[in-house]
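Chemist: Provided below for reference: sequence and predicted model.
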Amino acid sequence: MSLQALTGIRVVDLTTTIAGNYASKLLADAGAEVVAVEPPDGSPLRRWSATGSVPPGETGALFHYLHTSKRSVRSSVPSWSSRAPSTSRPCAGGTGSSWCCR
């Protein structure tokens, strides 16, 4: 296994949009450890499909594509719906890139 450019970097992904999830996918593909934090009812992208809604209890192909190489956790963030983050947020105490932490 070869080292990738972002090996050893941890990214906390709070995104809920396709663009944000794709950006964090690129970071994961470059070797970063990406942890996607989803709202309690799961990422909205789990239920999104280009051909219509995804059946209950299943996840769409887009979600699987965008979350390859990521780990996911569900968390109750205060005022999650009002925040609706669309970009990765910095980790406190991070070094290097302002979007990542070690």
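Modeler: Okay, I see it.

Chemist: Now stretch 34-47: buried residues?
Modeler: 34, 35, 36, 37, 38, 39, 43, 45, 46, 47 (16 or more other CB atoms under 10 Å). Every C-beta, even on glycine, is put in place using the N, C-alpha and C of the backbone.

Chemist: Include distance to residue 6 when you put those residues into TSV, please.
Modeler: Shown next, in TSV, are the buried residues of stretch 34-47 (distance: CB to CB, whole Å):
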residue	distance to residue 6
34	9
35	14
36	16
37	19
38	22
39	26
43	22
45	22
46	25
47	29
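
Chemist: Closest one of the residues you listed to residue 15?
Modeler: residue 36 (7.8 Å; CB to CB).

Chemist: Quickly run through the sheet partners of the helix or strand hosting the closest one, with directions.
Modeler: Applying DSSP states H and E as the criterion places residue 36 in strand 33-38. Here strand 33-38 has these sheet partners by DSSP bridges: strand 10-13 (parallel), strand 70-74 (parallel).

Chemist: Report pLDDT for residue 102.
Modeler: With respect to pLDDT, residue 102 has a value of 34.

Chemist: If you could redo that for residue 47, that was the one I meant.
Modeler: For residue 47, pLDDT reads 85.

Chemist: which stretches of this structure have low pLDDT?
Modeler: By pLDDT under 70, the low-scoring segments of the chain are 1-3, 77-102.

Chemist: Doesn't residue 62 belong to a helix?
Modeler: Yes - Residue 62 forms part of a helix when assessed by DSSP: H, G, I helix; E, B strand; the rest coil.

Chemist: Distance check, it against residue 21.
Modeler: Between residue 62 and residue 21 the computed distance is 9 Å (CB to CB, to the nearest Å).
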